[in-house]
Each structure stands twice: as structure tokens, then as C-alpha cells.
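Colleague: No letters, just coordinates:
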């Protein structure tokens with residue numbers, strides 16, 4: 001598959017596929033990178049769509065950078081969007097986990113023909129509160145410390161919690177399909193169901209799925225879900 005390596009603002013990016021007027025923006029989640037979009041690009045390229053995938057801060061080519069936080073990522077995504085709008089006429093979105101949350105905050109006012117979310121984090125405030133309960137950290141303690149490292153590898157940040165309260169996802173108008181794992185340990189089922197209802201999303205649940213779709217069975221389910229959703233491209 002054709003690959004074009006570019007930099008959009010400060011974001012290393014790959015453009016997959018042959019020249020087209022149609023493109024998907026691929027936004028990875030935590031521990032992801034721009035290269036993971038290749039499998040998706042293989043699927044949509046045969047339908048005439050290109051894919052633009054970027055490395056967010058602290059990921060891929062940017063692992064040594066700091067800044068995997070919404071107040072830095074969201075302006076980057078908006079700059080990426082400006083570039084995409086200048087080069088393509090039809091734009092759709094494919095995003096994973098926290099990448100979906102970043103995208104919804106950055107692009108809520110944009111015209112996106114279709115969005116495909118896998119294990120999206122749709123209520124970041126609730127997730128942070130859940131992780132605080134796992135770590136036995138109160139709001140007063142977090143406010144006092146500012147940042148607390150947890151035993152399970154996640155950093156708790158008072159500034160991050162305040163940000164989620166100041167900037168919740170209030171609008172999302174893109175026609176959206178969501179794939180959710182019934183055993184997702186980060187987003188409770190009632191939360192994703194409430195979000196899907198509020199924003200008229202099509203929700204598909206793999207009961208044996210987890211937040212990270214990684215087993216052979218889960219990946220097979222993910223691929224079949226994508227194929228079904230991508231029939232809309234024909």
C-alpha cells in the first residue's frame with residue numbers, strides 16, 4: 001500500500017492509499033501509534049478512501065515528548081483537521097479509546113460524514129473518579145498533591161479532573177457507530193449506553209470483548225463489525 005510520510009504541525013503522520021478526495025482520520029488511543037492504522041487503511045483503500053494517521057504526544061515517534069493531555073492534544077487535532085480540510089473533500093473518523101474522547105472535544109463543530117469508535121472513553125470525569133477509587137485517593141488529597149502516581153500505572157491529575165468538568169462532551173453531530181466490549185473495565189455499560197442514546201449513536205456490544213480488543217476472537221469480531229459498517233462506503 002502506498003504510504004506518504006508527512007508532518008502536520010508537530011505531528012508525524014502517514015497518509016495511506018492512492019490519491020483520492022475521500023479520507024479517514026485515524027486517532028489512536030493510549031499506547032497506540034500512527035502505524036496501527038494500516039490494517040484499517042487496507043480495508044478502506046479498496047473502496048477509494050485514504051487514511052491519515054498521526055502520532056500523538058508520548059506515542060510513536062514522539063515517545064520522548066510530554067503532553068498527552070487534552071489541553072495540548074486538542075489544539076493539535078484541530079490543526080490536523082485544518083490540513084485535512086485543505087486537501088480532501090470528504091472526511092470520516094476512526095478513533096480508539098481516549099482518541100475518541102480527544103476527537104469529540106476537538107471536532108464537535110466539524111462536518112464529519114461518519115465516525116467509527118472502538119471502546120471510546122465517553123465520560124472522562126467518571127473514569128478519573130473510578131481510578132481514584134481504585135487507588136484510594138480522595139478529591140482533597142488529589143487537589144493537595146496535584147499529581148499522584150498509582151500502583152496500576154495511571155497518573156492521577158487534579159488539573160486533568162478539573163478540565164474534564166469544565167469541558168464535558170456536550171455535542172456530537174457526526175453519525176457514529178460504536179463497538180464496545182461487555183467486559184470493558186474502563187467504561188461501564190450504562191455510561192456508553194447513555195452516551196449512545198444522547199447522541200443517537202449505533203451501539204454494538206461484544207459481550208466477551210474487553211476495552212482492548214486483542215484476542216483472535218475479539219479481533220475477528222472487530223473486523224466483521226468494521227466490514228459491516230464500511231458497507232456504507234460502497
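Modeller: Looks like it arrived, so ask away. Bear in mind the structure is a predicted one, so any value in this text is a computation, not a measurement.

Colleague: what about the nearest residue to residue 195 once chain neighbours are set aside, neighbour count?
Modeller: Leaving aside its sequence neighbours, residue 195 sits nearest to residue 122 (C-beta to C-beta, 6 or more residues apart in numbering; 4.1 Å). (Glycine included, C-beta is placed from N, CA and C.) Residue 122 has 25 neighbours, counted by other C-beta atoms under 10 Å.

Colleague: again, but for the one 5 residues further on
Modeller: Residue 127: 19 surrounding residues under other C-beta under 10 Å.

Colleague: List the contacts of it.
Modeller: 121, 186-187 (C-beta atoms under 8 Å, 6 or more residues apart in numbering).

Colleague: Check for me that it belongs to a strand.
Modeller: No. Counting by DSSP: H, G, I helix; E, B strand; the rest coil, residue 127 is not part of a strand but helix.

Colleague: bridging residues for residue 52?
Modeller: Beta-bridge partners recorded for residue 52 (DSSP bridges): residue 15, residue 25.

Colleague: now the residue nearest to the spatial centre of the chain: how far from residue 80?
Modeller: Closest to where the C-alpha atoms of the chain average out (C-alpha atoms, centre = their mean) is residue 99, at 2.1 Å. Residue 99 sits 12 Å away from residue 80, taking C-beta to C-beta, to the nearest Å as the criterion.

Colleague: likewise residue 52?
Modeller: Distance from residue 52 to residue 80, counting by C-beta to C-beta: 7 Å.

Colleague: Equivalent analysis for residue 67, please.
Modeller: Here the criterion is C-beta to C-beta. By it, residue 67 lies 15 Å from residue 80.

Colleague: ok, then the element right after the top helix by length along the chain?
Modeller: As assigned by DSSP state H, the longest helix anywhere in the chain is helix 70-87. Note on helix 70-87: by DSSP states H and E, the next helix or strand toward the C-terminus is strand 90-96.

Colleague: how many other residues sit next to the closest residue to residue 18 other than its chain neighbours?
Modeller: Leaving out its chain neighbours, the residue that sits closest to residue 18 by C-beta to C-beta, 6+ apart is residue 2, at 5.7 Å. When neighbours are defined as other C-beta under 10 Å, residue 2 has 11 of them.

Colleague: so where do the strands sit in the chain?
Modeller: Assigned by DSSP state E, the chain shows strands spanning 3-8, 11-16, 22-27, 50-54, 90-96, 115-118, 147-149, 155-157, 176-181, 202-206.

Colleague: now residue 92, which residues is it bridged with?
Modeller: residue 24.

Colleague: ok, it - contacts?
Modeller: 22-25, 49, 112-116.

Colleague: Kindly reformat these as JSON lines and extend each row with pLDDT.
Modeller: Shown next, in JSON lines, are the contacts of residue 92 (pLDDT from 0 to 100):
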{"residue": "22", "pLDDT": "97"}
{"residue": "23", "pLDDT": "98"}
{"residue": "24", "pLDDT": "98"}
{"residue": "25", "pLDDT": "98"}
{"residue": "49", "pLDDT": "97"}
{"residue": "112", "pLDDT": "97"}
{"residue": "113", "pLDDT": "95"}
{"residue": "114", "pLDDT": "96"}
{"residue": "115", "pLDDT": "98"}
{"residue": "116", "pLDDT": "98"}
